[in-house]
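A.B. asks: Dropping a prediction and its sequence here:
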Amino acid sequence: MPATKKFTPEIDAKLYKEFVAVAKRNGQSQRHILEEALKFYLRNVAPAQHLARTEVMKAFEQSVAGNRDLLERLTRNPPRNERQKRI
């Protein structure tokens, strides 16, 4: 059996109540459920935290699509800033 570490986090009371009920209903220990949840989070969620969320990328794509005409015009005729005017 692997070495263990005891810890006592404080969590939302409603979430804890649901967690205990699921463990009881499924005939699983709370420890098992917590370990499985931690494994899932560490292997699946945490590695992707640095990536843009799906809803952010969708909003970006919609913005680009909605402004495609403007983007194309800016590509052809970029605006001149004050520094370019002086040169």
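C.D. replies: Looks like it came in fine. Remember, it's a predicted structure, so these values are computed and weren't measured experimentally.
A.B. asks: how many other residues sit next to E35?
C.D. replies: E35: 13 surrounding residues under other CB atoms under 10 Å. Yep, even glycine has a C-beta here, placed from its N, CA and C like the rest.
A.B. asks: Please, which helix or strand holds it?
C.D. replies: E35 belongs to helix 30-40 when assigned by DSSP states H and E.
A.B. asks: Let's see that helix as PDB, backbone CA atoms only.
C.D. replies: Taking Å, rounded to 0.1, in the frame of the first residue of the first chain, the C-alpha atoms of helix 30-40 are listed here in PDB:
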ATOM      1  CA  GLN A  30     -14.700   8.900   0.900                       C
ATOM      2  CA  ARG A  31     -11.000   8.400   0.600                       C
ATOM      3  CA  HIS A  32     -11.400   6.400  -2.600                       C
ATOM      4  CA  ILE A  33     -13.600   9.100  -4.100                       C
ATOM      5  CA  LEU A  34     -11.300  11.900  -3.100                       C
ATOM      6  CA  GLU A  35      -8.200  10.100  -4.500                       C
ATOM      7  CA  GLU A  36     -10.000   9.400  -7.800                       C
ATOM      8  CA  ALA A  37     -11.100  13.000  -8.000                       C
ATOM      9  CA  LEU A  38      -7.600  14.200  -7.300                       C
ATOM     10  CA  LYS A  39      -6.100  11.900  -9.900                       C
ATOM     11  CA  PHE A  40      -8.600  13.000 -12.500                       C
END
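A.B. asks: Need the residues that contact that helix.
C.D. replies: For helix 30-40, contacts defined as CB atoms under 8 Å, 6 or more residues apart in numbering pick out F19, V20, V22, A23, N26.
A.B. asks: try 6 Å this time
C.D. replies: Residues outside helix 30-40 that contact it (CB atoms under 6 Å, 6 or more residues apart in numbering) are A23.
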